[in-house]
Every structure is written in C-alpha cells, then in structure tokens.
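In: sequence first, then the predicted structure:
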Amino acid sequence: MRDLAPTHVARAVALIESGQTYRPVARALGASKSTINRNVLRYRATGSYDRKRGQGSKRSTTVRDDRFIVLQTLRNRSQTPVQTRSALEEVRGVQISERTVKRRLKEVELRSYVPAKVPKLEVRLRVARLAFGREHENWNIDQWSQVLFTDESRFCVNTIYGRERIWRRRGERYSQCNFTPKVPFGGGSIMVWGGIGLGARIELVIVDMGTLNADRYILVTNILQDHVVPLAPNIDDNFILMQDNARPHIARCVTNFLTETEITKMDWPARSHVGQKG
C-alpha cells in the first residue's frame, strides 16, 4: 500500500476516465489495483492530485535528494541501490534504506532489468562506423538502389535451442505427452545465402556441402558466379555488392574474383550490426 506521485495520480485518473479498467492501469503504473483505486477515490473526493498534508509517514528524502538518487543511477546504470544509498549519505548526509532508493527510482519509472549483451566495440571500430555513416548519410534513393545486400545464415534442422516450454502438473515430468524428442548431436543444420536490393531479389541458395568457405562462395555453390555476376548489370552500371566481413568474403581469392569481374564491394565496417536496434 502506498500513495502515488501527483503526476501518476493524474495519469491514473485520465486512464480510468477514458474507460480503462483498474488492472491495466495498475500494470502500466507499476502499482497495485488497491493503490490505484485509493488514489483515484481521493482525487474524486478532494479534486486534488496531491495527498493531504500530514497523511502517511513523513517522506525521508527531499526533492533534491530524489534528484540526486535519479542522476546517480542514470550516470551509472549498473550502480546498485546500496551504492546509491551510500553515495547519498556521503555527499548529502542523508541516511535512507535500500528500499527507499528503489521506491524513488520506481516513481520515475526506472526499474532493474538484465542488460542486453552486445559485442564490445573497440575505438577503431567506432571510428570506422562513424566514418561509414558520414560517408553515406546524404545518399539518396537512387544511390542505395545500386546496392545488393547479401548475407548467409545457418538454421538447425531439429534442435530448438532449449526455448520450448510446456504446461504440466506437478509429478507429470515423465508423462508421455510431455516428452520432447531429442536428436543426437543436434540433428544437423542447413545454411542458406540470399541477397536483396531495392529493385532486385535473389532466391535463397542452399549451401549443402558443409561450411561455407571461399572456394564454395565463388564456384562450388555458384553464389558469386551464377547469382551475383549475372545480376549486376541488371541493377545498375554502378552496381555495389554489400557483404559482411566473414572470412570467406574477405579471402584473397574472393577479392581477386570481384576485381576480375569488375564488381565493386562496399567497404562495410566490422560489427556494423551492433547497437542498431532500439
């Protein structure tokens, strides 16, 4: 049981008056249904989003303390509430509990989550990505239409990577209906390659002869020879091939082949997929 901040009370009232029920409103504000109900009833009785002075226990932090807690957390996202509490006591001489820190952060919708894992970008990689962005930031639709984006990906045939879940009662672990067949050694996989541009698309090429290497990339699977080379004149005279920096793509024989066939390769920075999602 607790009282919401005035801004959250205003939001709760607006959502309830718009026709929403208490459950989704409580979920959106991170509070219980009873808390939402109590604060909405108080607003309807008093016409104010603020609680009456003297209601509840005295707040242990001031506005400046709350701002300090929030800024400390935003400046160091991995800092624990215990560390924030210690910093507040050291700098402002205010002693509060770890739970109070969590409550102050929750009031501004800051909650603890598992961080997203991404490959580490070294300085040289950041510099290369910035240079690439500046070089292409003013490209128009006609210039991008000259580019064929390509990549390959491997898919497991039988393995489900342990993501499957089932519903069962306690004690039914070994019931026949709850078994998931498992193929020894993963059951194999399949690799496919494809390409796409603004005005062109290449059908998926199945790489069914093991791992993709430079020789297979050029001739054995006929990826470059039979799919990229014939398509290049149909896209544009200034055709550009985009491929990542996988070892088969940057091998000397592949580079020589592209030079001989007069195919321009886009200078794609390493790990350029990192941090693209929001």
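Out: Right, received. Where do you want to start? Numbers count the residues shown, from 1 in each chain.

In: now V25, nearest residue through space, not along the chain?
Out: L15 (4.7 Å; CB to CB, 6 or more residues apart in numbering). C-beta here means a position set from N, CA and C on the backbone, and glycine is covered the same way.

In: could you check how far the one you found is from T7?
Out: Computed as CB to CB, to the nearest Å, the L15 to T7 distance reads 13 Å.

In: one step back: tell me the confidence at the residue nearest to V25?
Out: L15 is assigned 91 on the pLDDT scale.

In: surely it forms part of a strand?
Out: No - counting by DSSP: H, G, I helix; E, B strand; the rest coil, L15 is not found in a strand; it is helix.

In: roughly how far does it sit from P24?
Out: 8 Å.

In: more crowded one of these two?
Out: Neighbours per residue (other CB atoms under 10 Å) separate L15 from P24, with L15 holding more: 19 against 10.

In: ok, now which ones touch that one?
Out: P24, V25, A28 (CB atoms under 8 Å, 6 or more residues apart in numbering).

In: surely the first one is within a strand?
Out: In other words, P24. No - per three-state DSSP, P24 lies outside any strand segment and is helix.

In: now do the contacts for it.
Out: L15.

In: what pLDDT is listed against it?
Out: Listed pLDDT for P24 reads 91.

In: give me the neighbour count for L204.
Out: What L204 shows, counting by other CB under 10 Å, is a neighbour count of 12.

In: now swap in T150 and tell me
Out: By other CB under 10 Å, the residues close to T150 number 21.

In: quick one, phi psi at it?
Out: phi -130, psi 160 (degrees, to the nearest 10).

In: residues in contact with E203?
Out: So E203 contacts G194 (CB under 8 Å, 6+ apart).

In: how about S32: what's its closest non-neighbour residue?
Out: When the adjacent residues along the chain are set aside, S32 lies closest to A26, with 5.9 Å between them (CB to CB, 6+ apart).

In: okay but that neighbour is in contact with V40, surely?
Out: No - checked against CB atoms under 8 Å, the pair A26 and V40 is beyond contact range at 10.8 Å.

In: so where's the stretch 101-250 of the chain uncertain?
Out: 158-164, 183-187, 209-210, 220-221 (pLDDT under 70).

In: all strands of it, in order?
Out: 147-156, 189-196, 201-207, 240-242 (DSSP state E, counting those that start in this stretch).

In: got those as JSON lines, with distance to N178 columns?
Out: Converted to JSON lines, those look like this (distance: least, CB to CB, whole Å):
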{"stretch": "strand 147-156", "distance to N178": "22"}
{"stretch": "strand 189-196", "distance to N178": "26"}
{"stretch": "strand 201-207", "distance to N178": "34"}
{"stretch": "strand 240-242", "distance to N178": "46"}
